[in-house]
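Visitor: What follows is a protein structure lacking sequence information:
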């Protein structure tokens, strides 16, 4: 009965029905109805766009070291996947909130001034496989980040549509920019999370493209 009513509604009001299905996928499938950056199961996810999250979730991060400019749920997301995670933030209240939930793999730093914040990356003894630029002073952070990235690593710049000069700096330094635009947690607008890589990028992803949230499974779609 319920399926019959659904089909009838789709025939009578196709545009409205599609809009409601899309809203349901975003709110419940992706978890955007939640008040924080979490997926539908309540697990912490980065405050990136959903397309970027789905791509990054495929990476085999088990042996990776991650550094983040700007701490958040993304730290918890990476700490559940990576070998080591370091993050710096400039907000004492937010730093304290995260510190209360800090898993063993996560190192948190509080730096309220620009020099200490940007320089926190250089304080670390080792280079990193992935560096995320998602906090304050992004252009300065982006200038420094490649010097502390291991060969074959990735850079992530969130809100790259808001920071076009920062993205341009990276492109002019030889980085290839791949944009993931769309909706993400919390926000009622779309934005862009960009990944920057070089020809020697070696981070491994899954061999099979994932079934996207809200997608339809087509087992025999390929036509030889």
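Guide: Received the coordinates, thanks. Computed from a prediction, not measured in an experiment: that's the story for all the values here.
Visitor: so where's the longest strand in the protein?
Guide: strand 149-158 (DSSP state E).
Visitor: Centre of the chain to that strand, how far?
Guide: Computed by C-alpha atoms, centre = their mean, to the nearest Å, the chain-centroid distance of strand 149-158 equals 13 Å.
Visitor: mind giving me the domain split of the chain?
Guide: As assigned by automatic domain parsing, the chain contains the domains 7-36, 50-197.
Visitor: tell me how far the ends of the longest one are from each other?
Guide: Just to be clear, that refers to domain 50-197. By C-alpha to C-alpha, to the nearest Å, the extent of domain 50-197 from end to end equals 19 Å.
Visitor: Stretch 168-177 now?
Guide: Start and end residues of stretch 168-177 are separated by 9 Å (C-alpha to C-alpha).
Visitor: Give me the buried positions along it.
Guide: 170, 175, 177 (16 or more other C-beta atoms under 10 Å). C-beta here means a position set from N, CA and C on the backbone, and glycine is covered the same way.
Visitor: where along the protein do the strands fall?
Guide: Under the criterion DSSP E, the chain carries strands at the ranges 65-69, 84-89, 106-110, 128-133, 149-158, 176-182, 191-197.
Visitor: Out of those strands, flag the one nearest residue 118.
Guide: strand 65-69 (7.9 Å; C-beta to C-beta).
Visitor: which other helices and strands contact the closest one?
Guide: Judged by 3 or more C-beta pairs under 8 Å, 6 or more residues apart in numbering; DSSP states H and E, strand 65-69 is in contact with helix 73-79, strand 84-89, helix 114-123, strand 128-133.
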